[in-house]
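K.L.:
Quick one, structure for this:
(one chain, ligands or ions: 1)
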Amino acid sequence: MPDLVLELNGQSWTLDPTRSYTLGRDPQADLVFTDARVSWRHATLRWGGEGWVLEDHGSTNGTWTHGQRVQQLHAGPGTVLNLGNAEDGPRLSFTAVGAAPGGVLPRQAPQPVAAVSPATPPSTAPPMPSAGPPAPGGFPGSGEPGPGGDAGEEGSGPRGATALHRFDIGRVTRIGRALENELVVPDLQVSRYHAEFLATPDGRFELRDLGSHNGTYVNGQPMDRNGRQLITPSDTIGIGHSTFRLVGDRLEEFVDTGEVSFSARHLTVQVNDGALTILDDVSFGVPEKSLVGVIGPSGSGKSTLLRALTGYRPATHGEVLYDQRNLYTHFAELRHRIGLVPQDDILHTALPVRQALRLAAELRFPGDVGKAERNARVEEVLAELKLDPHADKRINQLSGGQRKRVSVALELLTKPSLIFLDEPTSGLDPGMDRDVMQLLRRLADDGRTVLVVTHSVAELGLCDRVLVMAPGGGVAYFGPPDEALNFFGYDSWADVFSAFENYRDHDWMGRWRGSRHYRMYAADADADLARPAHLQPLRAAQQKAQSWGAQVWTLVRRYLAVIASDKGFMALTLALPIILGLVSTVIPAPHGLGYGPLERGRGNGDAGIILLILVIGMCFAGSANAVRELIKERVIYERERAVGLSRSAYLMSKVLVLGMVTIVQGVILALICFAPRELPEQGVLFVESPAVEMTIVITVLGITSMMIGLVISSVVRTSEMTMPLLVMICVVQLVFTGVLFQVAGKPGLEQVAWLMPSRWGLAGVGSTADLNTLMGHRQRGETDRLWDHEAAVWILDVGMLAVISVGCAFLVLRFLRRHEPEVMRD
Ligand SMILES: Nc1ncnc2c1ncn2[C@@H]1O[C@H](COP(=O)(O)OP(=O)(O)OP(=O)(O)O)[C@@H](O)[C@H]1O
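P.N.:
This next block holds a predicted model:
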């Protein structure tokens with residue numbers, strides 16, 4: 001009989017060849033480890049017919065023997081191996097029977113016992129190896145099955161359960177932030193009363209969401225708000241940074257304190273219907289607390305990689321694993337744990353640091369997090385990033401490095417475990433470059449994984465790993481930074497990049513895959529075939545931390561604060577209608593908008609010109625207010641959308657604030673224009689107040705024009721494109737008013753004119769002023785029916801402006817969608 005004795009931690013067992021043994025941190029494994037470096041399902045030991053075979057399941061930190069990493073190993077007497085680390089990982093040794101006393105290893109570890117579990121394993125269970133100290137937290141995998149047996153496998157984070165909670169049958173255990181809950185989770189991402197568990201007398205467990213703001217997740221999928229669901233031991237429940245799992249009559253809690261592994265497997269991005277590959281089979285894995293630098297020549301796919309890693313634009317093939325959980329399928333839950341600092345500022349730089357962070361916190365924390373709690377977190381982050389001395393300065397008064405720190409501070413508010421940065425040091429001098437990289441180093445050391453795309457190679461030595469992208473979107477190197485130049489055989493990065501340029505056709509990826517570094521640092525992540533990701537963008541988009549109204553309110557206040565801080569904008573906004581109004585008064589029109597000369601048989605064509613200037617002035621002012629508004633905030637919008645901002649709340653905030661500005665402008669313009677003029681004798685709806693009636697038309701026209709400005713702003717690629725479009729639209733509107741030449745009754749022309757707010761706006765004021773009569777159309781029998789001096793016509797004109805506005809709002813919502821992370825589009 002091929003008996004073999006396994007020794008571990010001073011204990012030994014005789015292996016039974018009729019069965020196999022699983023090794024890992026999974027409490028269900030036969031040999032349970034709590035060492036952070038051991039993977040959830042690390043390896044299997046089985047009788048292979050001729051001898052014992054140990055097979056590594058693509059563990060993050062590997063299985064080692066004599067300093068060599070092994071995928072498969074024939075174990076016999078004298079074999080010694082370490083898990084997770086070649087030198088001091090948990091050590092297993094094998095001896096022949098008789099060489100050591102041993103018991104028989106049980107078929108199953110009897111209890112999924114975690115590091116701090118008070119539950120005592122039965123005496124037959126092997127002691128739990130504990131080469132590393134139990135760490136304060138971590139969280140389990142999703143329980144998601146997959147090839148490679150990594151259902152719930154985790155990388156190398158400390159995965160001891162943070163706490164075990166016992167249920168009382170028939171009683172409800174409420175979970176939430178408030179102290180009066182049975183299970184208190186002190187996490188600002190958790191609602192005061194978040195969810196509750198009920199252990200029913202028939203032995204079933206029911207979970208109920210209590211209308212939580214950030215949602216309750218079962219296996220990564222959000223439950224319906226106030227929904228109920230039966231829970232089994234294979235389910236993983238996500239609440240804020242905590243993950244729960246049923247173990248017998250207890251609930252195991254794991255807290256994600258940031259020490260999570262992260263890996264990419266076979267990430268490939270194709271565009272043009274698969275014709276072009278811009279990211280080519282990228283795989284790498286990093287343990288927790290890592291700082292990873294991503295470098296590569298321009299166009300090598302760094303930004304594409306970043307978007308794929310963050311879920312902003314999921315890869316066409318491959319998967320991103322956040323502690324072995326598929327980020328794409330669990331995006332709704334995991335997005336709260338990811339911070340992204342894009343290259344551009346994601347804060348309004350006109351605002352003081354503290355105010356900007358407080359407003360951002362309002363948008364990111366659940367609606368039931370009080371002001372004091374939010375502000376306390378802002379102060380914490382300000383202190384952590386040493387920004388407190390600058391807290392009251394406007395962001396645009398800070399240095400480049402300080403500004404970057406503010407962007408990082410914003411992302412730290414919600415305590416993400418993973419932080420991605422896109423070229424944070426671009427445009428910074430070498431000193432600031434170092435400051436920022438040192439800051440990132442500190443963030444990683446404090447228990448986060450930080451991945452930074454950078455053009456600057458000077459401070460790469462601070463990284464734990466560097467990923468070098470090759471032209472074509474593949475990996476040219478992944479490993480320690482100090483071995484990278486040696487790997488390429490050059491003395492400087494400039495030489496490496498020149499080589500990329502000069503030998504574009506060289507198989508850089510092939511070279512990498514054939515290398516020792518690949519086997520040491522990436523083969524692991526590569527080992528498993530990627531599972532197809534089934535995106536659930538709808539569900540991701542549904543979870544909003546605050547109510548729609550609360551979001552609008554925060555956004556409106558922020559927008560007003562930004563406007564108030566921009567004195568130049570305010571001055572221009574007021575000057576524009578004043579100047580346009582004054583210009584209209586210059587037009588020589590002795591009878592203004594009155595019937596004056598009609599008595600002498602002549603028309604008052606000047607009235608048409610006055611109204612034309614008034615209408616086009618308002619069209620211009622309304623659109624000009626809005627035309628840059630969305631494009632200039634696009635990066636901020638994209639980021640905030642990913643953390644739960646409502647698209648319609650965002651648009652509504654713009655409409656409300658810009659609408660107010662436009663109304664003020666409309667009233668000023670109309671007042672100045674009408675004040676020195678003779679006015680129509682009577683209105684059609686407000687018979688005694690034709691000026692009020694016309695002012696209403698002008699302000700509604702202004703709002704419609706503003707909506708057109710927003711459409712332009714949502715559709716253009718760069719803000720430089722807005723001005724030519726604005727001018728073009730204003731000129732086109734000028735032509736189609738019907739004043740310069742008659743459009744009524746001209747097939748084709750008339751229908752095109754229906755699309756022009758200026759046509760309806762002029763018709764509205766023209767209806768009040770009886771423009772058909774003033775301009776002599778009636779006398780010539782060529783009346784424009786939209787100008788008729790009748791209440792119904794006036795209502796139709798104004799109503800059509802409203803209809804165009806609503807149409808524009810739909811268009812803006814549609815176009816905004818294109819600028820959102822793909823997983824948030826609904
Ligand atoms: N939607 C797309 N359609 C076609 N090609 C694209 C698309 N998006 C990106 N590319 C191309 O893919 C390549 C990689 O682009 P990416 O922006 O990721 O490179 P990068 O390394 O970040 O470059 P840089 O350092 O200049 O920012 C580039 O050649 C780019 O032109």
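
K.L.:
which other residues reach stretch 69-76?
P.N.:
4, 45, 48, 51-56, 62-65, 79, 81, 86, 94, 519-520, 523, 527 (C-beta atoms under 8 Å, 6 or more residues apart in numbering). All C-beta spots, glycine's among them, are computed from the backbone N, C-alpha and C.

K.L.:
So which of those residues sit within helices?
P.N.:
When the contacts of stretch 69-76 are checked against helices (DSSP state H), the matches are 519-520, 523.

K.L.:
just the helices in the stretch 301-450 of the chain please.
P.N.:
302-310, 331-334, 353-364, 371-384, 400-412, 430-445 (DSSP state H, counting those that start in this stretch).

K.L.:
no no, the stretch 451-600 of the chain
P.N.:
Ranges of helices in the stretch 451-600 of the chain, per DSSP H, counting those that start in this stretch, are 484-488, 493-502, 508-513, 516-521, 523-526, 537-542, 548-565, 567-586.

K.L.:
how about the residue nearest to G473 when sequence neighbours are not counted, what does it touch?
P.N.:
Excluding the flanking residues, the one nearest G473 by C-beta to C-beta, 6 or more residues apart in numbering is G301, at 3.5 Å. Counting by C-beta under 8 Å, 6+ apart, G301 touches 269, 278-280, 282, 469, 472-473.

K.L.:
Recalculate using a threshold of 6 Å.
P.N.:
The contact partners of G301, by C-beta atoms under 6 Å, 6 or more residues apart in numbering, come to 278-279, 469, 473.

K.L.:
which one of the helices of the stretch 301-450 of the chain has the lowest average pLDDT?
P.N.:
Of all these, the minimum mean pLDDT falls on helix 331-334 (a mean of 82).

K.L.:
Was I right to think T243 contacts E253?
P.N.:
No - here T243 does not reach E253: they are 7.5 Å apart, not a contact under C-beta atoms under 6 Å.

K.L.:
So which of these two has more stuff around it?
P.N.:
Ranked by neighbour count (other C-beta atoms under 10 Å), T243 and E253 place T243 first, with 26 against 22.

K.L.:
Tell me which helix or strand the more buried one sits in.
P.N.:
Applying DSSP states H and E as the criterion places T243 in strand 242-247.

K.L.:
pLDDT on that strand, on average?
P.N.:
The model assigns strand 242-247 a mean pLDDT of 82.

K.L.:
likewise stretch 72-86?
P.N.:
Stretch 72-86 comes out at a mean pLDDT of 88.

K.L.:
ends of that stretch, how far apart?
P.N.:
Taking C-alpha to C-alpha, to the nearest Å, stretch 72-86 runs 15 Å from one end to the other.

K.L.:
buried set for it?
P.N.:
The neighbour-count check on stretch 72-86 (16 or more other C-beta atoms under 10 Å) flags 73, 75, 79, 81-86 as buried.

K.L.:
lowest average confidence, helix or strand, in this protein?
P.N.:
None of the helices or strands of the chain scores lower by mean pLDDT, DSSP states H and E than strand 103-104, at a mean of 42.

K.L.:
quick revisit: can you add distance to the ligand and give the buried residues of stretch 72-86 back as TSV?
P.N.:
TSV is the format used below for the buried residues of stretch 72-86 (distance: C-beta to the nearest ligand atom, whole Å):
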residue	distance to the ligand
L73	40
A75	45
T79	45
L81	40
N82	38
L83	37
G84	33
N85	34
A86	34
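
K.L.:
Report how many residues lie close to the closest residue to M652 other than its chain neighbours.
P.N.:
Computed as C-beta to C-beta, 6+ apart, the closest residue to M652 that is not its neighbour in sequence is V552, at 5.1 Å. For V552, the tally of surrounding residues (other C-beta under 10 Å) stands at 20.

K.L.:
Verify the contact between V552 and A649 for me.
P.N.:
Yes - at 4.7 Å, V552 counts as touching A649 under the criterion of C-beta under 6 Å.

K.L.:
about what we covered before: tell me the most buried of the helices of the stretch 451-600 of the chain?
P.N.:
helix 523-526 (a mean of 22; mean count of other C-beta atoms under 10 Å).

K.L.:
related to what we said a few turns ago, now, among the buried residues of stretch 72-86, which is nearest to R434?
P.N.:
Using C-beta to C-beta, N85 comes nearest to R434 of the buried residues of stretch 72-86, at 30.6 Å.

K.L.:
Which helix or strand contains the residue of the stretch 601-750 of the chain found nearest the ligand?
P.N.:
Using C-beta to the nearest ligand atom, the single residue of the stretch 601-750 of the chain nearest to the ligand is R717, 12.2 Å away. Per DSSP H and E: R717 is located in neither a helix nor a strand.

K.L.:
Report pLDDT for it.
P.N.:
For R717, the model assigns a pLDDT of 90.

K.L.:
Identify the residues contacting it.
P.N.:
Applying C-beta under 6 Å, 6+ apart, no residues qualify as near R717.

K.L.:
Up against the ligand, what does the stretch 201-350 of the chain have?
P.N.:
Within the stretch 201-350 of the chain, the positions lying close to the ligand (C-beta under 6 Å from any ligand atom) are 271, 276, 278, 296, 298-304.

K.L.:
let's see 8 Å
P.N.:
Counting by C-beta under 8 Å from any ligand atom, the stretch 201-350 of the chain comes close to the ligand at 271-272, 276, 278-279, 296-307.

K.L.:
Equivalent analysis for the chain, please.
P.N.:
Checking the chain against the ligand by C-beta under 8 Å from any ligand atom, the hits are 271-272, 276, 278-279, 296-307, 423, 453, 455, 469, 473.

K.L.:
what separates R647 from H819, distance-wise?
P.N.:
According to C-beta to C-beta, to the nearest Å, R647 and H819 sit 10 Å apart.

K.L.:
nope, S212 is what I meant
P.N.:
28 Å.

K.L.:
same check, this time on I237
P.N.:
33 Å.

K.L.:
for L576, same thing?
P.N.:
Here L576 is placed at a distance of 28 Å from H819 (C-beta to C-beta).

K.L.:
Please apply the same query to V583.
P.N.:
Counting by C-beta to C-beta, the gap from V583 to H819 is 37 Å.

K.L.:
now swap in I804 and tell me
P.N.:
Counting by C-beta to C-beta - I804 and H819 are separated by 23 Å.

K.L.:
same check, this time on Q551
P.N.:
Relative to H819, and taking C-beta to C-beta, Q551 is found at 18 Å.

K.L.:
more neighbours, I237 and H819?
P.N.:
It is I237, of I237 and H819, that has more neighbours when counted by other C-beta under 10 Å, with 23 against 18.

K.L.:
For that one, which three-state class applies?
P.N.:
Following DSSP: H, G, I helix; E, B strand; the rest coil, we place I237 in the strand state.

K.L.:
got the contact list for it?
P.N.:
I237 is in contact with 218, 244, counting by C-beta under 6 Å, 6+ apart.
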